[in-house]
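S.K.: Curious how this folds, go ahead:
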Amino acid sequence: MAATPQNPAAATPRRKVSRHRGEGQWAAGHFTPLNGNEQFKKDDDGLNVRTRIETIYSKRGFDSIDPNDLRGRMRWWGLYTQRKPGIDGGKTAILEPEELDDEYFMLRVRIDGGRLTTQQLRVIGEISQEFARGTADITDRQNVQYHWIRIEDVPEIWNRLEAVGLSTTEACGDTPRVVLGSPVAGIAADEIIDGSPAIDEIQRRIIGNKAFSNLPRKFKSAISGSPLLDVAHEINDIAFVGVDHPEHGPGFDLWVGGGLSTNPKIGVRLGAWVPLDEVPDVYEGVISIFRDYGYRRLRTRARLKFLVADWGAEKFRQVLEDEYLKRKLVDGPAPAQPVERWRDHVGVHRQKDGRYYVGFAPRVGRVDGTTLTKIADLADAHGSGRVRTTVEQKMIVLDVDESQVDSLTEGLEALDLTVKPSPFRRGTMACTGIEYCKLAIVETKARGASLIDELERRIPDFDEPITININGCPNACARIQVADIGLKGQLVMNDQGEQVEGYQVHLGGALGLEAGFGRKVRGLKVTAQELPDYVERVLKRFQAEREEGERFATWAARASEEALS
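M.R.: Residues are numbered from 1 along each chain as shown. Here you go, the predicted model:
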């Protein structure tokens with residue numbers, strides 16, 4: 001039939017409407033890749049790229065790297081291309097990946113449980129100075145992150161890290177990421193149970209194991225026996241939280257399905273008590289459910305939180321017990337509410353052996369290689385050679401004799417690493433931001449540091465715990481939804497009608513104490529230039545209106561929109 005004005009479709013044969021095969025769940029028999037990420041993972045396991053990096057790319061240079069390795073599989077070894085300098089935030093979502101890519105990499109060193117020896121810290125610092133232009137940020141997942149890494153140097157960096165027991169294996173990618181742990185595990189006087197043996201066994205059994213190297217997306221985990229709830233367990237895919245069972249004694253309460261980004265969800269309790277020696281088995285069961293039942297069709301729904309939301313806690317626990325563990329879990333109690341508002345371990349604290357640990361606060365996690373080597377020197381001189389990173393971008397020196405505390409504190413202060421920080425320095429966190437991140441829209445690290453200085457100058461009498469989390473894009477790497485003041489980077493209009501860097505504001509989020517997401521006031525956005533004025537104004541209103549003992553999050557939930565604007 002010829003095409004006519006009355007029948008234009010006749011010129012084009014009807015296309016058969018194709019339907020996707022479910023959500024790409026392997027357990028339902030859906031193994032055909034439904035997007036490009038699933039295809040490149042099926043084509044070759046991400047762990048295999050290491051051989052190509054060592055034998056081809058490091059010798060032939062950046063231009064020799066296959067695109068699926070460059071923007072895909074290299075993440076399995078902690079490598080992301082960083083943002084090309086000079087590209088403003090308005091172009092982040094417009095340019096093609098190759099236009100955003102610089103020929104340098106971010107490299108993430110995984111530090112499971114935040115545990116480091118001074119020898120390891122010194123090597124991290126030396127690598128920073130030699131290969132990363134001095135960069136070495138402490139992340140809110142206890143890792144250290146380098147920038148300006150050349151592909152030619154990666155094999156040598158791996159050799160040096162692995163010589164002291166460190167690794168970048170699966171620090172990124174659709175993999176089991178770093179296992180968070182209490183930075184004072186095994187030493188805190190108030191600890192319920194030490195989860196370190198379970199972290200060690202999970203590392204041995206799971207990390208680098210090809211049975212778990214092709215997950216639908218990232219898998220974040222945390223294990224802590226601290227009553228401070230110090231690993232942000234509510235926003236991990238799986239978390240084991242220390243509890244004391246009335247019949248069975250110390251163990252862990254099991255949580256699953258937490259996560260933030262653009263669709264945040266607080267994790268849910270399965271109501272199960274897990275003894276220490278069974279934690280690795282349960283971890284393996286949960287990650288296997290994610291691998292087998294996780295959604296692989298859309299990347300935006302490929303996190304465990306969506307499966308948990310669809311199934312519910314009861315079904316999830318049943319599948320875990322019946323299909324993977326082949327036994328029932330013991331019912332158990334929920335964790336108690338923490339008695340302290342800060343859970344970053346900053347300050348001087350007595351250990352259970354009578355010695356002390358000393359926590360200190362860099363500015364928004366930003367340090368450098370020279371500083372890290374000096375911290376290692378201080379820890380050797382005043383402690384036993386053990387240091388820790390925290391999930392709040394802080395660090396701790398362990399095992400300090402009482403006679404050495406003042407000297408260590410003075411040494412840290414000389415490095416601008418204060419043991420007694422203001423609430424603003426202690427509570428401000430920032431992601432990488434537009435300086436290096438290809439997803440970012442605005443600056444974060446420098447802005448966070450300057451905000452700290454401004455607030456210390458403007459409100460010197462403010463002495464309440466306060467968290468101010470600054471993120472360069474909607475992906476919430478800096479946990480904006482669960483901060484007292486969360487700032488999501490975006491472009492906004494200023495008074496002159498110009499598009500400038502700014503933030504959408506979230507107010508009153510929290511973890512630990514009544515965990516929940518912050519409130520968004522309709523239309524409330526601030527420019528970067530206005531940010532110090534805005535935060536000062538809101539905090540002074542809080543000071544004026546708060547009731548006795550009231551937290552900022554509680555006040556923000558009841559305050560008028562006018563008070564929050």
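
S.K.: for this structure, what are the low-confidence residue spans?
M.R.: Within the chain, the segments meeting pLDDT under 70 span 1-21, 513.

S.K.: Could you rerun that using 90?
M.R.: The model of the chain has pLDDT under 90 over residues 1-22, 93, 97-98, 261-262, 337, 339-341, 474, 476, 512-515, 521-523.

S.K.: List the buried residues in stretch 354-366.
M.R.: Within stretch 354-366, the residues that qualify as buried are 355-366, counting by 16 or more other CB atoms under 10 Å. Any C-beta I mention is one placed from the backbone N, CA and C, and that applies to glycine too.

S.K.: would you turn those residues into JSON lines with secondary structure and distance to residue 505?
M.R.: Shown next, in JSON lines, are the buried residues of stretch 354-366 (DSSP: H, G, I helix; E, B strand; the rest coil; distance: CB to CB, whole Å):
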{"residue": "355", "secondary structure": "coil", "distance to residue 505": "43"}
{"residue": "356", "secondary structure": "strand", "distance to residue 505": "39"}
{"residue": "357", "secondary structure": "strand", "distance to residue 505": "35"}
{"residue": "358", "secondary structure": "strand", "distance to residue 505": "34"}
{"residue": "359", "secondary structure": "strand", "distance to residue 505": "29"}
{"residue": "360", "secondary structure": "strand", "distance to residue 505": "29"}
{"residue": "361", "secondary structure": "strand", "distance to residue 505": "24"}
{"residue": "362", "secondary structure": "coil", "distance to residue 505": "25"}
{"residue": "363", "secondary structure": "strand", "distance to residue 505": "22"}
{"residue": "364", "secondary structure": "coil", "distance to residue 505": "18"}
{"residue": "365", "secondary structure": "coil", "distance to residue 505": "21"}
{"residue": "366", "secondary structure": "strand", "distance to residue 505": "23"}
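
S.K.: how about JSON lines for the residues you listed, with distance to residue 287 added?
M.R.: Formatted as JSON lines, these follow (distance: CB to CB, whole Å):
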{"residue": "355", "distance to residue 287": "36"}
{"residue": "356", "distance to residue 287": "37"}
{"residue": "357", "distance to residue 287": "31"}
{"residue": "358", "distance to residue 287": "35"}
{"residue": "359", "distance to residue 287": "31"}
{"residue": "360", "distance to residue 287": "34"}
{"residue": "361", "distance to residue 287": "33"}
{"residue": "362", "distance to residue 287": "32"}
{"residue": "363", "distance to residue 287": "35"}
{"residue": "364", "distance to residue 287": "31"}
{"residue": "365", "distance to residue 287": "28"}
{"residue": "366", "distance to residue 287": "32"}
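
S.K.: quick one, what contacts the spatially most central residue of the chain?
M.R.: For the chain, the residue nearest the mean C-alpha position is residue 141 (4.3 Å; CA atoms, centre = their mean). Contacts for residue 141 (CB atoms under 8 Å, 6 or more residues apart in numbering) come out as 177-178, 180, 220, 391.

S.K.: That one looks like it's in a helix, true?
M.R.: No - Residue 141 is assigned coil when assessed by DSSP: H, G, I helix; E, B strand; the rest coil, not a helix.

S.K.: Pull up the gap between it and residue 416, please.
M.R.: For residue 141, the distance to residue 416 (CB to CB, to the nearest Å) stands at 23 Å.

S.K.: wait, is residue 490 part of a helix?
M.R.: No - counting by three-state DSSP, residue 490 is not found in a helix; it is strand.

S.K.: My guess is it contacts residue 504. True?
M.R.: Yes - using CB atoms under 8 Å, residue 490 is in contact with residue 504, at 5.8 Å.

S.K.: Touching both of these two, which residues are there?
M.R.: Common neighbours of residue 490 and residue 504, using CB under 8 Å, 6+ apart, are residue 525.

S.K.: hmm, back to that, so which of the buried residues of stretch 354-366 is the closest to residue 303?
M.R.: Lowest distance from residue 303 to the buried residues of stretch 354-366 (CB to CB) belongs to residue 365, with 24.1 Å.

S.K.: Distance from the chain centre to the helix or strand residue 105 falls within, please.
M.R.: Assigned by DSSP states H and E, residue 105 belongs to strand 101-109. Chain-centre distance of strand 101-109: 17 Å, with CA atoms, centre = their mean, to the nearest Å.

S.K.: List the buried residues for it?
M.R.: 101-102, 104-109.

S.K.: Check stretch 210-228 too.
M.R.: In stretch 210-228, counting by 16+ other CB under 10 Å, buried: 212-228.

S.K.: what's the answer for stretch 140-153, then?
M.R.: Applying 16+ other CB under 10 Å to stretch 140-153 flags 140-149, 151, 153 as buried.

S.K.: Tell me which residues are up against stretch 377-386.
M.R.: Applying CB under 8 Å, 6+ apart, the set of residues contacting stretch 377-386 is 115-119, 121, 387, 397-401, 404-405, 407-408, 411-412.

S.K.: scratch that, stretch 329-344
M.R.: Stretch 329-344 is contacted by residues 226-230, 241-246, 248, 251, 253-254, 269-274, 282, 317, 320-321, 359, 361, 390, 392, 394, 426, 465, 512-513, 551 when judged by CB under 8 Å, 6+ apart.

S.K.: Equivalent analysis for stretch 310-318, please.
M.R.: 256-257, 268-272, 289, 307-308, 319, 329.

S.K.: let's see it at 6 Å
M.R.: 268, 270, 308 (CB atoms under 6 Å, 6 or more residues apart in numbering).

S.K.: which residues in the stretch 351-500 of the chain form helices?
M.R.: Applying DSSP state H, counting those that start in this stretch to the stretch 351-500 of the chain gives helices spanning 369-382, 405-414, 423-427, 445-458.

S.K.: for the buried residues of stretch 354-366, which one is nearest residue 469?
M.R.: Using CB to CB, residue 364 comes nearest to residue 469 of those, at 9.8 Å.

S.K.: Surely that closest one and residue 430 touch.
M.R.: Yes - using CB atoms under 6 Å, residue 364 is in contact with residue 430, at 4.1 Å.

S.K.: how about JSON lines for the contacts of stretch 310-318, with distance to residue 190, neighbour count and secondary structure added?
M.R.: Below are those laid out as JSON lines (distance: CB to CB, whole Å; neighbours: other CB atoms under 10 Å; DSSP: H, G, I helix; E, B strand; the rest coil):
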{"residue": "268", "distance to residue 190": "26", "neighbour count": "19", "secondary structure": "strand"}
{"residue": "270", "distance to residue 190": "25", "neighbour count": "26", "secondary structure": "strand"}
{"residue": "308", "distance to residue 190": "31", "neighbour count": "25", "secondary structure": "helix"}
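
S.K.: quick one: buried residues of stretch 319-330?
M.R.: 319-321, 324-325, 329.

S.K.: Could you do stretch 332-345 as well?
M.R.: For stretch 332-345, burial by neighbour count (16+ other CB under 10 Å) applies to 332, 335, 338, 341-345.

S.K.: and if you look at stretch 176-195?
M.R.: In terms of neighbour count (16+ other CB under 10 Å), stretch 176-195 has its buried residues at 176-188, 191-195.

S.K.: Check the separation of the first and last residues in it.
M.R.: 18 Å (CA to CA, to the nearest Å).

S.K.: List the contacts of that stretch.
M.R.: 110, 112-114, 141-143, 196, 199, 202, 206, 212, 218-227, 230-231, 242, 244, 250, 345, 350-352, 388, 390-391, 396.

S.K.: can you count the residues close to the spatially closest residue to residue 546 that is not a sequence neighbour?
M.R.: Closest residue to residue 546 apart from its sequence neighbours, by CB to CB, 6 or more residues apart in numbering: residue 555 at 5.1 Å. By the criterion of other CB atoms under 10 Å, residue 555 has 21 neighbours.

S.K.: circling back to that earlier point, now that we have the contacts of stretch 377-386, which of them are buried?
M.R.: Buried subset of those (neighbour count, 16+ other CB under 10 Å): 115-118, 121, 387, 397-400, 404-405, 408, 411-412.

S.K.: Between the buried residues of stretch 140-153, which sits nearest residue 82?
M.R.: residue 147 (5.7 Å).

S.K.: For that closest one, grab phi and psi.
M.R.: When read as degrees, to the nearest 10, the backbone of residue 147 gives phi -130, psi 170.
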